[in-house]
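Visitor: here are the coordinates; sequence isn't available:
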């Protein structure tokens with residue numbers, strides 16, 4: 001595009017008399033009269049209609065560049081989290097008034113290796129022999145500012161560790177002048193294991209770095225003793241807040257969750273989610289360095305009561321944390337930044353800072369790096385795997401790296417050492433609209449990727465179970481991924497009935513619920529950074545990808561960051577695909593397949609429709625009938641299903657098949673009152689009467 005073509009996009013947004021979505025803007029700029037909205041609103045009469053003669057992909061790329069550079073932003077309409085429109089920012093309005101002729105762009109092109117570099121590599125002998133040329137270039141580059149765009153499975157942790165070793169061994173950098181920052185304790189430990197024991201470079205997570213800094217300078221930042229809160233503290237703070245509002249947990253749950261969100265969940269599960277959501281909202285404001293403002297103003301009318309409750313709960317929690325001297329990880333980041341600002345002499349001096357997972361950094365973390373102002377910065381990340389925008393991460397930091405750091409070395413690590421060439425091809429097709437260099441395969445193997453359609457979700461579950469049982473793999477080599485916790489819980493129930501050991505991982509709690517030690521079931525956010533021989537991605541429907549439902553209703557309302565939710569959801573799907581090493585099965589029930597499986601992908605996958613039905617067994621029939629009976633009782637008495645019987649209770653009934661009232665007494669969750677009230681119904685179902 002020309003130097004000033006971006007002005008046509010900005011003027012188009014300004015000219016259209018209402019909030020415009022990305023698709024409508026593209027049709028307006030390209031002159032598409034077939035768009036019904038253009039005809040109805042007579043947009044074809046406007047000056048900017050048809051002002052850019054480019055195809056849809058080229059226009060989408062220009063809009064993305066303006067988004068990433070902050071000239072336009074997505075804003076919610078009337079508090080509706082799924083209806084966002086494009087709006088000019090102050091920066092965009094200024095650009096219209098005074099065009100800069102600046103190239104608003106990002107460019108991550110395939111990395112070129114010069115002949116001179118190829119001659120240098122052998123001089124390092126065995127030190128570089130196990131690396132590919134792009135990795136070698138990243139490790140030994142003399143540039144001050146380096147960004148490695150590392151595709152999935154490209155060995156990024158290895159490159160960071162090797163870079164640290166290079167600086168100490170070949171550049172004689174004092175190890176204490178080197179700081180390597182990761183996001184998780186697992187990644188931190190993996191990096192530490194790769195470095196020799198004599199290498200005393202600091203390897204930290206953002207949280208561990210801040211914690212050590214604050215402990216060292218405690219008296220400068222705190223006037224009283226403080227400590228990190230644990231989950232027990234969170235629960236107590238939540239209960240105190242409820243008490244101040246004269247609310248019971250049950251009443252708060254009824255206010256917060258919809259009927260479908262409460263379905264098949266225990267009061268404990270719903271209570272835990274509510275606690276977590278209160279702290280997520282608090283951290284959202286904390287990481288923006290803002291007070292907890294009244295976020296009820298832009299909320300949909302039907303959610304106002306719940307939003308007001310959450311605002312009061314969150315404010316109370318914040319006040320009581322201050323009184324009690326309790327801090328969490330978000331506080332640590334903010335407090336460390338405030339310490340450095342108020343006491344510059346405490347800022348540690350690092351000659352080199354290396355940052356892992358740079359696509360996941362948030363504003364506070366960037367400010368922390370900026371204030372330390374290292375002479376050299378080495379960042380590794382992948383825009384394709386930026387999937388945490390809803391909790392403050394901002395893809396623009398990696399996309400615009402070269403704007404912040406002049407004359408950087410940008411190196412694309414494209415060789416994948418995890419997946420077969422067939423899976424790599426599918427991955428590349430799924431994210432082609434990001435216009436990044438394709439990931440390259442290093443593994444060959446038979447094509448074992450399939451798109452499978454089922455009449456029902458139960459049939460989908462049955463296929464997953466049967467394929468796991470027939471795979472011959474160790475269960476630890478199998479992942480079952482889903483976009484929602486609900487699907488995982490339902491599949492977990494089915495697997496319990498069949499005696500299949502498994503582990504459930506969810507991003508929500510950061511913990512895993514063990515039902516044995518075999519097959520991993522997980523949400524996609526919770527499995528990022530891990531891999532398995534065989535991967536199932538369940539529920540590949542238009543409802544799940546992009547995810548239309550929410551298990552955190554008010555959190556989604558509050559976190560209205562100016563990011564493209566649908567594009568982030570597309571990246572979530574990409575992350576799911578990229579976990580598979582050898583076998584990949586994409587499954588969905590019904591007719592509504594996700595648009596993320598585009599035409600090129602469908603041609604490659606050759607969809608198969610299976611009429612598989614669940615294996616009939618006494619226990620699975622009983623479980624189905626018990627759930628149906630419970631729904632009927634909940635409607636009859638006007639109460640939530642979990643108030644009749646907990647999910648775990650009906651699963652135990654289906655497993656143990658009690659025949660008498662005495663045997664019912666041995667079932668967890670069935671006390672004398674419930675046996676008296678429901679016992680005869682339960683026994684009638686179990687005995688098939």
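Guide: Everything's here; your move. Just so it is clear, the model here is predicted, and its values are computed rather than measured.
Visitor: any chance you could map the strands in the stretch 101-250 of the chain?
Guide: All strands of the stretch 101-250 of the chain, identified by DSSP state E, counting those that start in this stretch, fall at 145-150, 178-182, 202-205, 227-228.
Visitor: Can you tell me which of the ones you listed is packed in deepest?
Guide: strand 145-150 (a mean of 26; mean count of other Cβ atoms under 10 Å). The C-beta positions use only the backbone N, C-alpha and C, and glycine is treated the same way.
Visitor: Just send the strands of the stretch 101-250 of the chain back as a markdown table, with mean pLDDT too.
Guide: Listed next are these as a markdown table, based on pLDDT from 0 to 100:
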| stretch | mean pLDDT |
| --- | --- |
| strand 145-150 | 96 |
| strand 178-182 | 94 |
| strand 202-205 | 93 |
| strand 227-228 | 90 |
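Visitor: Arrange these in a markdown table, one row each, with distance to residue 365 as further columns.
Guide: What follows is these, written out as a markdown table (distance: least, Cβ to Cβ, whole Å):
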| stretch | distance to residue 365 |
| --- | --- |
| strand 145-150 | 16 |
| strand 178-182 | 9 |
| strand 202-205 | 11 |
| strand 227-228 | 18 |
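Visitor: Can you measure across stretch 643-663, start residue to end residue?
Guide: End-to-end distance for stretch 643-663: 22 Å, by Cα to Cα, to the nearest Å.
Visitor: what mean pLDDT does that stretch have?
Guide: For stretch 643-663, the per-residue pLDDT values average out at 82.
Visitor: follow-up on the earlier one: so which of the strands of the stretch 101-250 of the chain comes closest to residue 57?
Guide: When the strands of the stretch 101-250 of the chain are compared by Cβ to Cβ, strand 145-150 sits nearest residue 57, at 20.3 Å.
Visitor: And that closest one, what does it pack against?
Guide: Applying 3 or more Cβ pairs under 8 Å, 6 or more residues apart in numbering; DSSP states H and E, we find strand 145-150 packed against helix 156-169, strand 376-381, helix 401-404, strand 409-413.
Visitor: If I take that strand and helix 156-169, what angle do their directions form?
Guide: 150 degrees (axes from the mean of the first three to the mean of the last three Cα atoms, to 10 degrees).
Visitor: who does strand 145-150 pair up with?
Guide: Paired neighbours of strand 145-150 in the sheet (DSSP bridges): strand 376-381 (parallel), strand 409-413 (parallel).
Visitor: on that earlier part again, out of the helices and strands packed on strand 145-150, which one sits most buried?
Guide: Using mean count of other Cβ under 10 Å, the stretch among these with the greatest mean number of neighbours is strand 376-381 (a mean of 24).
Visitor: Of all the strands of the stretch 101-250 of the chain, which one is nearest residue 579?
Guide: Go through the strands of the stretch 101-250 of the chain one by one with Cβ to Cβ and the one that ends up closest to residue 579 is strand 145-150, at 15.8 Å.
Visitor: Need the residues that contact that closest one.
Guide: Strand 145-150 is contacted by residues 108, 138, 156, 159, 358, 376-383, 398, 401-402, 405-413, 436-437 when judged by Cβ atoms under 8 Å, 6 or more residues apart in numbering.
Visitor: Residue 453 should be in a helix, yeah?
Guide: No. Residue 453 is assigned strand when assessed by DSSP: H, G, I helix; E, B strand; the rest coil, not a helix.
Visitor: Show me the shaky parts of the stretch 201-350 of the chain.
Guide: Flagging of the stretch 201-350 of the chain using pLDDT under 70 yields the residue ranges 264, 298.
Visitor: quick one on the thing from earlier: residue 192: which of the strands of the stretch 101-250 of the chain is closest?
Guide: Nearest to residue 192 among the strands of the stretch 101-250 of the chain is strand 202-205; the distance by Cβ to Cβ comes to 5.2 Å.
Visitor: partners of that closest one in the sheet?
Guide: Listed by DSSP bridges, the sheet partners of strand 202-205 and their directions read strand 178-182 (parallel).
Visitor: so how far is the strand it pairs with from its chain's centroid?
Guide: Counting by Cα atoms, centre = their mean, to the nearest Å, strand 178-182 is centred 23 Å from the centre of its parent chain.
Visitor: ditto for stretch 219-227
Guide: Averaging C-alpha coordinates over stretch 219-227 and over its chain gives two centres that are 34 Å apart (Cα atoms, centre = their mean).
Visitor: Check stretch 151-164 too.
Guide: Mean C-alpha position of stretch 151-164 versus that of the full chain (Cα atoms, centre = their mean) differs by 21 Å.
Visitor: can you list the residues that contact that stretch?
Guide: Judged by Cβ under 8 Å, 6+ apart, the contacts made with stretch 151-164 from elsewhere in the structure are 131, 135, 138-139, 148, 150, 178, 180, 187, 190-191, 194-195, 199, 201, 354, 356, 378, 380, 382, 384-385, 412-419, 427, 437, 439, 531, 575, 578.
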